[in-house]
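**Student:** sharing a sequence plus its predicted fold:
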Amino acid sequence: MLPSPETCRRWTRRTFVRRPGRAVAGVVLCFAVAAIALLDGQDGAARLFGALGGVFLAIYAVANLIVWRAGGLDE
């Protein structure tokens with residue numbers, strides 16, 4: 001269940017929503033390491049870093065959803 005728009009507006013003041021740069025860096029780094037591991041033939045490491053990249057991607061998507069839902073509200 002998604003949070004209400006008012007809750008999203010309160011959450012936009014949180015650090016992970018205002019500055020998602022760490023999540024983006026985590027996505028890029030994990031997927032790059034997963035690609036290198038696949039090229040090197042290390043399937044276990046590729047799965048691990050692919051899953052970690054998916055977690056960072058999910059965090060980034062939630063932060064964008066919160067900002068998007070809060071943007072439609074009047075200040």
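**Tutor:** Arrived safely. Numbers count the residues shown, from 1 in each chain.

**Student:** gap between stretch 50-67 and the chain center?
**Tutor:** From the chain centre to the centre of stretch 50-67 is a distance of 2 Å (CA atoms, centre = their mean, to the nearest Å).

**Student:** nearest spatial neighbour of the residue nearest to the spatial centre of the chain, chain-adjacent residues omitted?
**Tutor:** Most central in the chain under CA atoms, centre = their mean is Tyr60, positioned 2.3 Å from the mean C-alpha point. Once flanking residues are discounted, Tyr60 sits nearest to Ala23: 4.1 Å by CB to CB, 6 or more residues apart in numbering. Any C-beta I mention is one placed from the backbone N, CA and C, and that applies to glycine too.

**Student:** neighbours around Ile66, how many?
**Tutor:** 22 (other CB atoms under 10 Å).

**Student:** that one contacts Pro5, doesn't it?
**Tutor:** No: under the criterion of CB atoms under 8 Å, Ile66 is not in contact with Pro5, lying 9.7 Å apart.
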